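**Student:** Mind looking at a prediction? Sequence and model below.
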Amino acid sequence: MTDLFETIRRTLVPIHKEGYPFILIGIVLTVLLGWFAQFLFWIFLILTLWVCYFFRDPERVVPSGEGLVIAPADGRVNLISTVVPPPELDLSHEPMLRISVFMNVFDCHVNRVPVTGRIGQIHYTPGLFLNAELDKASDDNERNGLVIETTHKGLPLRVGVVQIAGLVARRIVGFVSAGDTLQTGERFGLIRFGSRVDVYLPTTARVLVGLGQKSVAGETVLADLGGGAERAFRRI
C-alpha cells in the first residue's frame, strides 16, 4: 500500500501557483458552456487539463559539482554559438558562449538558476514576438535578462540568463529580485506559453550537450566552466 501511495504522489505533479487563475477560468468556462452544449464541455475540459499540465512544477534532482552549469529550462537545445551578449546585460563587449533551450507549449515552463550566485541585475527589454527558435529572437524579442554573480576556482565570474518571449508566449514572470542569492536549480521565473532561455558563459567553458538534445531544467548539465574538450554527439 505504501508503494501505491508513493506512485500516486510521484504521478500527481505539483502545479505552480501562477497557473491557478487560468485553471479557475477554465473550470468556470467548462461548467458554464457545458450547461448549453455537451461538446463545449469536453472541449473546455480538455483545455483546462492542458493548462494544468502546462503549469506543472515537478521536483528536480540537481547535480552538484565545481563549475557545472545546469539547464535553466525544459525543452530542446536549439542553438550553441559564440555571440556578443545583449548590451543591456553589460556582460562583455566580446563574444561569449551562448547555449539556447527552446520550450514548446508542452514543456514545463518553470525556469531554474543554472549556477549558484547572487542576482547582480535584472533587465527587462520590450520587443517583438517572433518565433523564439530564430537566432534573431535574442535581439528582437521581448526578453528579461539576469546577470548572476558567481565564482569559479575562487575567481569572480558573471553568467547571463535571458528569458525570451515567443510567438505564443506573451508574459515573462520573475520570482526573484536583484540582490537575491540563489542555489543552482532554484526557481527564478516562468514564461507563458512557449519560449526560449539563453545562457551566456565564458568561451572557455566546455559544452556538454548537443544540438537537438532534450534538456531538463535543474538536471541536465549544459557545460563545465572548467573547460576541456567538447563532447561529440550523433543521431541514431
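**Tutor:** On my side now, so go ahead.
**Student:** And stretch 135-155, how far out from the chain middle?
**Tutor:** 12 Å (CA atoms, centre = their mean, to the nearest Å).
**Student:** Between the two ends of that stretch, how far is it?
**Tutor:** End-to-end distance of stretch 135-155 (CA to CA, to the nearest Å): 31 Å.
**Student:** quick one: buried residues of that stretch?
**Tutor:** Buried residues in stretch 135-155, defined by neighbour count with 16 or more other CB atoms under 10 Å: 137-139, 141-148, 150, 152. Bear in mind the C-beta positions are built from the backbone N, C-alpha and C, glycine included.
**Student:** Per the annotation, how does the protein divide into domains?
**Tutor:** 4-55, 68-224 (the TED database).
**Student:** rewinding a little: which of the buried residues of stretch 135-155 fall in strands?
**Tutor:** 143-148, 150, 152 (DSSP state E).
**Student:** ok, back up a step: where among the domains of the chain is average confidence lowest?
**Tutor:** When mean pLDDT is averaged over each of the domains of the chain, domain 4-55 scores lowest at a mean of 85.
**Student:** A165 contacts S195, correct?
**Tutor:** Yes - counting by CB atoms under 8 Å, A165 does reach S195; the two are 5.6 Å apart.
**Student:** With neighbour numbers in mind, choose between the two.
**Tutor:** S195 (33 against 26; other CB atoms under 10 Å).
**Student:** beta partners for that one?
**Tutor:** M103, A165 (DSSP bridges).
**Student:** show me the contacts for it.
**Tutor:** 102-103, 109, 132, 163-166, 168-169, 172 (CB atoms under 8 Å, 6 or more residues apart in numbering).
**Student:** From I99, how far off is the residue most central in space within the chain?
**Tutor:** The residue lying closest to the centre of the chain (CA atoms, centre = their mean) is A73, at 2.7 Å. Distance, A73 to I99, by CB to CB, to the nearest Å: 11 Å.
**Student:** Next: D139.
**Tutor:** 17 Å.
**Student:** quick one: the residue of the chain most remote from its centre from I46, how far?
**Tutor:** Residue farthest from the centre of the chain, counting by CA atoms, centre = their mean, is F36 at 39.4 Å. Distance of F36 to I46, given as CB to CB: 17 Å.
**Student:** Could you do F106 as well?
**Tutor:** Taking CB to CB, one finds F106 at 14 Å from I46.
**Student:** what does K136 give?
**Tutor:** On the measure of CB to CB, K136 and I46 end up 35 Å apart.
**Student:** For the protein, which segments count as helices?
**Tutor:** Assigned helices in the chain, in chain order: 2-11, 20-36, 38-54, 137-140 (criterion: DSSP state H).
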